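Enquirer: how would this look folded up:
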Amino acid sequence: MRKLVLNNQSFEYIRLAFSEWLDILGYCEESVYSIPLCVKEFLCFLEQNKVEHIRQLRAKHYHDYVDYLKIRPNKQRGGGLNSKTINHHIAAVEKLAEYLHHKGLYDIPYPSVKYLPVYRKEITVLTTDEVKALYTTAAQEHEDPLRSRDQVILVVYYNCGLRRSEGASLSISDIDLNSRVLHVRKGKNYKQRLVPFSKTSASYLEEYIYDHRPKLLTTGKESALFISAVNGKAMLKEAIYRRFKYILNACDDAGIQSKTVGLHTLRHSIATHLLQAGMRLEKIQKFLGHSSLESTQIYTHLIDKL
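Expert: Below you'll find the model as predicted:
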């Protein structure tokens, strides 16, 4: 998409003006970048199909464009575009039509194409007893630095509900033990957020940061929270995941062993447990860093599974 070139100057003007409109409306930086990219591809499609002016746009063009997307190869990963990506394109074209109507071009039809069904993976959630079993397993590690680090991995990904990359990006300066707040600086779509944590979590973090993290370091210049026992440098997210799988495999809880569990399972679990405890959905949305409440509402369907 990035390499597409619009030869029609009026279409290029529409694309630029559309981007500015999204920015004025307050869309996030990622959306101001990605939505116009989809619109650009749609305008290129119109150009290639002999549409010379936006007023020539007809309902048929929307349907033809979706048919084109269904057979267009994925230029980055190979294969075709998945339903989620095609739906993103449809939403972008709908937003373009809204912009054109806003500019007074009411004779341009609004898209009437249907969104494609998206398959959602079944979400796995641990019970509170199963989470306790993971903490018990982490506490059984014989080497103190690794034991302490394992416990903090569970704190970050369960108690604080971080995504895998968010946890791997943490620095010790992001942990405020006095106010018991964790600062996520590199969240999804470049968004930052503050995540509170409990006194128990604070004790795990304090023990690791002051007593055991220094034993893993080979240099005092490393600022990452998670330090590798192999080279004394920041752990990559893949290494954190492997360590979590080590904890899982060492855990003898039958319920855990019967489930497919990853780091994101901990995030799903804390969200479900908070909802089960009566926390409002809007607060959980803020806690997780979801951009829309719809993303958080999936947890309302998981309570009965616990």
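
Enquirer: point to the residue nearest the middle of the chain.
Expert: Nearest to the mean C-alpha position of the chain, by C-alpha atoms, centre = their mean, lies residue 188 at 4.8 Å.

Enquirer: distance check, that residue against residue 164.
Expert: Residue 188 sits 11 Å away from residue 164, going by C-beta to C-beta, to the nearest Å. Yep, even glycine has a C-beta here, placed from its N, CA and C like the rest.

Enquirer: do residue 214 as well
Expert: To residue 164, residue 214 is 25 Å away according to C-beta to C-beta.

Enquirer: likewise residue 137?
Expert: Taking C-beta to C-beta, one finds residue 137 at 20 Å from residue 164.

Enquirer: convert stretch 219-230 to CSV, retaining C-alpha atoms only.
Expert: Output of stretch 219-230 as CSV, limited to C-alpha atoms (Å, rounded to 0.1, in the frame of the first residue of the first chain):
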residue,chain,number,x,y,z
THR,A,219,26.9,-3.5,34.0
GLY,A,220,25.2,-0.8,36.0
LYS,A,221,24.0,1.0,32.8
GLU,A,222,21.2,-1.4,32.0
SER,A,223,17.8,0.2,32.8
ALA,A,224,15.4,-2.6,31.8
LEU,A,225,13.3,-4.2,34.6
PHE,A,226,13.8,-7.8,33.4
ILE,A,227,17.4,-8.8,33.2
SER,A,228,18.7,-12.0,31.6
ALA,A,229,20.7,-14.4,33.8
VAL,A,230,22.6,-15.4,30.7
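
Enquirer: for it, the distance to its chain's centre please.
Expert: 25 Å (C-alpha atoms, centre = their mean, to the nearest Å).

Enquirer: one more: stretch 162-174?
Expert: 13 Å.

Enquirer: which helix or strand in the chain has the lowest average pLDDT?
Expert: helix 293-296 (a mean of 79; mean pLDDT, DSSP states H and E).

Enquirer: which strands and helices sit next to that one?
Expert: Here helix 293-296 touches helix 281-288, going by 3 or more C-beta pairs under 8 Å, 6 or more residues apart in numbering; DSSP states H and E.

Enquirer: related to what we said a few turns ago, more neighbours, residue 214 and residue 164?
Expert: Using other C-beta atoms under 10 Å, the more surrounded residue of residue 214 and residue 164 is residue 164, with 19 against 12.

Enquirer: quick check, pLDDT for the more buried one.
Expert: Looking at residue 164, its pLDDT stands at 92.

Enquirer: just use 24 as the starting number from now, easier for me
Expert: Okay, using 24 as the starting number, the last item reads as residue 187.

Enquirer: how far away is it from residue 203?
Expert: As judged by C-beta to C-beta, residue 187 and residue 203 stand 23 Å apart.

Enquirer: quick check, residue 158 in contact with residue 175.
Expert: No - contact status for residue 158 versus residue 175: not in contact, 11.1 Å apart, counting by C-beta atoms under 8 Å.

Enquirer: neighbour count for the two, which is higher?
Expert: residue 175 (25 against 18).

Enquirer: got the contact list for the nearest residue to the more buried one once chain neighbours are set aside?
Expert: The shortest distance from residue 175 to any non-neighbouring residue, by C-beta to C-beta, 6 or more residues apart in numbering, is to residue 231 (4.6 Å). Counting by C-beta atoms under 8 Å, 6 or more residues apart in numbering, residue 231 touches 171, 172, 174, 175.

Enquirer: from the residues you listed, which land in helices?
Expert: Per DSSP state H, helices hold the following members of those: 171, 172, 174, 175.

Enquirer: need those residues in a markdown table (columns: distance to residue 69 and pLDDT).
Expert: Listed next are the ones in helices among the contacts of residue 231 as a markdown table, based on distance: C-beta to C-beta, whole Å; pLDDT from 0 to 100:
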| residue | distance to residue 69 | pLDDT |
| --- | --- | --- |
| 171 | 59 | 97 |
| 172 | 55 | 98 |
| 174 | 57 | 98 |
| 175 | 53 | 98 |
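
Enquirer: list only buried entries from the residues you listed.
Expert: 171, 172, 174, 175 (16 or more other C-beta atoms under 10 Å).

Enquirer: need those residues in CSV with distance to residue 94, can you?
Expert: Putting those into CSV (distance: C-beta to C-beta, whole Å) gives the following:
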residue, distance to residue 94
171, 53
172, 49
174, 50
175, 48
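
Enquirer: closest one of those to residue 121?
Expert: Top of the list for closeness to residue 121, among these and by C-beta to C-beta, is residue 175 at 46.3 Å.
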